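Participant: here is a sequence together with a model predicted from it:
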Amino acid sequence: MSAASEIESRLQNLGTQFREAFSAATTELQLRADYAKLLGKKGDLTAVLALLRDVAAEERPRIGALVNAFRADVETTFANELKRLAEQALQAELSGLPFDLSLPGRLSFGRGHRHPVLSVRDELLGIFRELGFASVDGPEVELEENNFTKLAFPPDHPATDMQDSFWFNNKVLLRTHTSNVQVREMMKLATRVAAGEPPRLAVVSAGAVYRRDDDVTHSPMFHQMEGFLIDTAVSMAELRGVLSAFAERLYGPGTPTRFRPSYFPFVEPGAEVDVGCVFCSVEQGTRSSCRVCKATGWLEVGGCGMVHPDVFRHTGLDPEKVTGFAFGMGIDRLAMLRYGIPNIKLLFDNDPRFLSQF
Ligand code: FA5
């Protein structure tokens, strides 16, 4: 028998076989297996094609066309059978027993609760609301001028470097602190003052901020709470008063606070705020071993100061007529202290084994 006749007869047999197999398939998986057995790399058709090289040259075009027609036939039949199986599956589902979507599930999921950072955030906002501060939101994607320039950051300040901030382009970035809210709220206040209202404002704002930081106490995304108060004759004494009232409400009556001189371009004078370590006390004689405050007795919670005249100027307020204070704190740090969490990453890994402990 010539190679051409051999191919013709094999194709004929394969044709009968695949039609029977395809139409007998009762599942898509079975149908696909039959298809692969025929057209797959090591399939029956490949074996037949191996004979092509022995076909006489004048016969090749005819045999080639036969093979192509066979392949097309397989594809069409396969597609039709797939459709048939899908249709059958749908019919079976429609005519089967209905199921009750309102029944309770078999798997039980534990009840969720607030994330520790959000609990602490709400507690902080609650304390300041009681002290008379209104809470507002600010955008996380911010203009460079609201995040830096209007807050009197000099253009070459290291915080504005590519290494320190996440930039979208040279004008827009992810805010590096919540102090952008000061700028936005003071600009709104300036409009109201121009319309004859008194220059008075007491605002807190909490939310996510972003920096190129990464270690056990620094995360690239973290949370801050900003607070500021503007009026005609605000002094640093009021700032101290508000922050001590805050510390006593957060950590209990008698909790001490202290200011250490510090520098932020948008306040003058500026200070770091520390609260007395809540994990140890000299009276109990345990301070020397406290790892949280490194035996200093104080924990740093944030920065603060009197609003710099340049910030008033940049936001349209008159530094001769208005005064104010501002402060900002890291919420995640306060959450770590509150719950004794040693690594900030644990807060954001979203591992239920960790989060369910709070
Ligand atoms: C500021 O961001 C100032 N905007 C705060 C301020 C507001 C000062 C108003 C004066 C007036 P600072 O960079 O120190 O300051 O950050 C404030 C707090 O955020 C820090 O004390 C710390 O608790 C927290 N913090 C800073 N970087 C990170 C970080 N990468 N991960 C977690 N917490 C951080």
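Facilitator: Arrived safely.

Participant: name whatever forms a beta bridge with the residue nearest the centre of the chain.
Facilitator: Geometric centre of the chain, nearest residue: Met221, 8.3 Å, by CA atoms, centre = their mean. Beta bridges link Met221 to Tyr210 when assigned by DSSP bridges.

Participant: tell me the pLDDT of it.
Facilitator: The model reports Met221 with a pLDDT of 96.

Participant: quick one: it and Gly207 touch, right?
Facilitator: No: in this structure, Met221 is not within contact of Gly207 by CB atoms under 8 Å, at 10.7 Å. For the C-beta atoms, the positions are set from N, CA and C on the backbone; glycine is no exception.

Participant: pLDDT below threshold where in this protein?
Facilitator: The model of the chain has pLDDT under 70 over residues 162, 281-289.

Participant: can you pull the residues of it lying near the ligand?
Facilitator: Neighbours of the ligand within the chain, by CB under 6 Å from any ligand atom: 177, 179, 211, 213, 218-219, 222, 224, 226, 264, 267, 270, 300, 302-305, 326-330, 332-333, 344.

Participant: list the buried ones in the longest helix along the chain?
Facilitator: Criterion DSSP state H: the longest helix present in the chain is helix 60-95. For helix 60-95, the neighbour count (16 or more other CB atoms under 10 Å) marks Ile63, Phe70, Val74, Thr77, Phe78, Glu81, Leu82, Leu85 as buried.

Participant: what helix or strand is the residue in the stretch 51-200 of the chain that the ligand sits nearest to located in?
Facilitator: With CB to the nearest ligand atom as the measure, His177 is the residue of the stretch 51-200 of the chain nearest to the ligand, at 3.5 Å. Using DSSP states H and E, His177 maps to neither a helix nor a strand.

Participant: need the contact list for the closest residue to it other than its chain neighbours.
Facilitator: Of all residues not flanking His177 in the chain, Val209 sits nearest, at 5.4 Å (CB to CB, 6 or more residues apart in numbering). By CB atoms under 8 Å, 6 or more residues apart in numbering, Val209 lies in contact with Glu140, Leu174, Arg175, Thr176, His177, Thr178, Met221, Phe222, His223, Gln224.

Participant: how does it look with 10 Å?
Facilitator: 138, 140, 142, 147, 174-180, 220-224, 226, 328, 330-331 (CB atoms under 10 Å, 6 or more residues apart in numbering).

Participant: again, but for Ala33
Facilitator: Ala21, Ala25, Thr27, Gly40.

Participant: Asp349: which of those is nearest?
Facilitator: Set against Asp349, the nearest of the contacts of Ala33 by CB to CB is Thr27 (41.4 Å).

Participant: now for the closest one, how many residues are close by?
Facilitator: 11 (other CB atoms under 10 Å).

Participant: for the one 5 residues further on, same thing?
Facilitator: Per other CB under 10 Å, the neighbour tally for Arg32 reads 13.

Participant: which residues in the chain form helices?
Facilitator: Using DSSP H, helices in the chain cover 3-24, 28-39, 44-49, 60-95, 116-130, 144-147, 180-194, 236-251, 309-314, 331-339, 352-355.

Participant: export the third one as PDB, just CAs?
Facilitator: In other words, helix 44-49. The C-alpha coordinates for helix 44-49 follow below in PDB (Å, rounded to 0.1, in the frame of the first residue of the first chain):
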ATOM      1  CA  ASP A  44      -2.800   9.800  16.900                       C
ATOM      2  CA  LEU A  45      -2.800  12.400  14.100                       C
ATOM      3  CA  THR A  46       0.900  13.200  14.800                       C
ATOM      4  CA  ALA A  47       1.700   9.600  14.200                       C
ATOM      5  CA  VAL A  48      -0.200   9.700  10.800                       C
ATOM      6  CA  LEU A  49       1.600  12.900   9.800                       C
END
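
Participant: tell me how far it lies from the chain's centre.
Facilitator: Taking CA atoms, centre = their mean, to the nearest Å, the mean C-alpha location of helix 44-49 is offset from the chain mean by 54 Å.

Participant: domain ranges for the chain?
Facilitator: 3-95, 116-355 (automatic domain parsing).

Participant: output the ones you listed as CSV; include the columns distance to Leu101.
Facilitator: Converted to CSV, the domains of the chain look like this (distance: least, CB to CB, whole Å):
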stretch, distance to Leu101
domain 3-95, 14
domain 116-355, 26
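
Participant: just name the most buried of those domains.
Facilitator: Mean neighbour count (mean count of other CB atoms under 10 Å) peaks for domain 116-355 among these, with a mean of 17.

Participant: which residues does Ala335 contact?
Facilitator: For Ala335, the contacting residues are 115-121, 123-124, 223, 341, 344, 347, 358, by CB under 10 Å, 6+ apart.
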